[in-house]
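>>> Fold the stuff below for me.
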Amino acid sequence: MSKCVSAYKFNKNQMIVAADSRASYEHEGKKYTIHDRAKKLQVVHNKLIFICGTQVICQKAIDYFTQSADGSISSFRNIAKRVVKNECDNAGIKDGTGMYLCNFTVFTFDKQMNKPVAYNFHSERHYNGDAPFTIRSFTDYTHWINGRSHTKPDEYLQANINKTNHKVSLIKKVFDMSTDYGVGGQLSVYTVGKDGIKLIKKYNLSDEGKSIEWMDEQKVIESIGQFDWGNGKVLSDPLAVNANNKANDAYVLAGDAERISKMIANGTYTQGSFISGTMISSPLIMGAIIEGGQIRSHTTINVGTDLSVGDNIYLSNGTSGKQSIVSGGNGNITFGRSRMEIAANNALNIDTGAVYIRDEKIATEKYVDDKSIARFG
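Residues are numbered from 1 along each chain as shown. Okay, here's the model as predicted:
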C-alpha cells in the first residue's frame, strides 16, 4: 500500500508531489508493516515516477526504463506491460490476481503545453494475460490522491487545498493523519516545473497513537519466496524463470533497437553513437583516417600538431565583420572592412630581398641612409 499526493501551484506553474516510504504486506488476512525504506518516488529520464503495488515488480520496470535509450511515456508503458506479463508467466498466474500488481504515476513538464502533466497507468486488477496499461493524463487539477485512500485525511486535504499557500505543510499534515500499516516512514516532497524536478523537503512521519504490527523481512521471504506477490504464490521452475527474464531483456533491447533505427532514418537521433548507410555519428572518433570529398564542422576543429593544406585556406564571411589568424600571445593577421591588419607584440620582421606595393619597390631605412646626399648652396 502506498500514498501519493500532488498539488498544482498556479502562481509558479509547477506541481508539488509527495509520497511516503513504507513497505507493507498482507498475509492470511492480516496486514503488516515490513520496513520504511521503499523508494516510491524515483527520477528517471527527467520524469518523476510514483510506484504503487508489488514493489519488486515495479522496481524491475523502473530499472529497465532507466537502461532504455527511449525515455518517452509510451516506452515506459510498454516496458511495464512486458515486465508484468513476464512475472505473471513466471508465477503461473493466468486467471486474475485480485490485486493491482503495478500502478504508476509519471509526472513531467510538457514543454509544448508549457505546464506540468501527470500520466497514470496500471495493470488490470484481474490480470487476463494482456495487461492493457491504459494511460490517463491529467493537466488541469488542483490536487490528486493516488494509491491508498484515507477518508478523513483526504477530506481535510480537499477542504483546505485552496485556502492556503503553504501546500507543503498541508500535505505533510495529511500524511501524518494517514499513517498506518501501508503509509508512513519518510515523506519526500518534490517540485515538477519548467526548471526540472527538485527534491525540496524530507520529513519523518509520525506513528504516534497508531496501532501498527511489524513483520520481519526474513519471515516475509520465508512465507512467500523471493518475490512479494501479496497472494502467497511462490515462483516455480528456476530454469523457466531465467528463460523468461532473458526473453524480457531481449524484448527491451529489441524495442530500443527498433526505435533508435527509426530515429536515425528520420535524422532525429542525438543520444549516442551510430553508423548508418550514409553517416557515422559519435562524440569521439579515434585512431582513424578520415578521407572524403568534404570535411565539414559546425563547431571548433582542434588540430594538435601541424595543419597541412594542399592549396588554399578560405575564410567565410563571418558574423562579427572581422576574421583573424591568431598566434597566441605573439600577434595576428586580421581581415575585415576591405582591409588587412598585421599586428605583432614587439616587431614585424619581413625577411626578403625586396618589398613592393602596387609594383613599386619600398625603400628601407638603410637604403635611404646609403643614398642620401647633402647639398649646400
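>>> Look at residue 83 and give its secondary structure.
In the three-state summary, residue 83 is assigned as helix, counting by DSSP: H, G, I helix; E, B strand; the rest coil.
>>> Contact partners for it?
57, 60, 61, 64, 102, 248 (Cβ atoms under 8 Å, 6 or more residues apart in numbering). From N, CA and C alone the C-beta is placed, and that goes for glycine too.
>>> what do you get if the cut-off is 7 Å, keeping everything else the same?
Residue 83 sits next to 57, 60, 61, 64, 248 when contact means Cβ atoms under 7 Å, 6 or more residues apart in numbering.
>>> part of a helix, is the third one?
Just to be clear, that refers to residue 61. Yes: residue state for residue 61 (three-state DSSP) corresponds to a helix.
>>> What number of residues are in the vicinity of it?
22 (other Cβ atoms under 10 Å).
>>> hmm, back to that, closest to residue 307 among the contacts of residue 83?
Closest approach between the contacts of residue 83 and residue 307, by Cβ to Cβ: residue 64, at 47.3 Å.
>>> Next, residue 113: secondary structure please.
Judged by three-state DSSP, the three-state class of residue 113 is coil.
>>> Find the nearest non-adjacent residue to residue 59, please.
Spatially, and ignoring its direct neighbours in sequence, residue 59 is nearest to residue 51 (7.2 Å; Cβ to Cβ, 6 or more residues apart in numbering).
>>> neighbouring strands for the one helix or strand the one you found maps to, and are they parallel or not?
Assigned by DSSP states H and E, residue 51 falls within strand 47-53. Using DSSP bridges, strand 47-53 pairs in its sheet with strand 41-44 (antiparallel), strand 102-110 (antiparallel).
>>> packing partners for the helix or strand following the last one?
Per DSSP H and E, the first helix or strand lying C-terminal to strand 102-110 is strand 115-122. With contacts taken as 3 or more Cβ pairs under 7 Å, 6 or more residues apart in numbering; DSSP states H and E, strand 115-122 sits against strand 102-110, strand 136-138.
>>> if we can go back for a sec, any idea which of the strands paired with strand 47-53 scores lowest on pLDDT?
Least confident of the strands paired with strand 47-53, judged by mean pLDDT, is strand 102-110 with a mean of 88.
>>> rewinding a little: residue 300: which of the helices and strands packed on strand 115-122 is closest?
Closest among those, using Cβ to Cβ: strand 102-110, at 32.3 Å.
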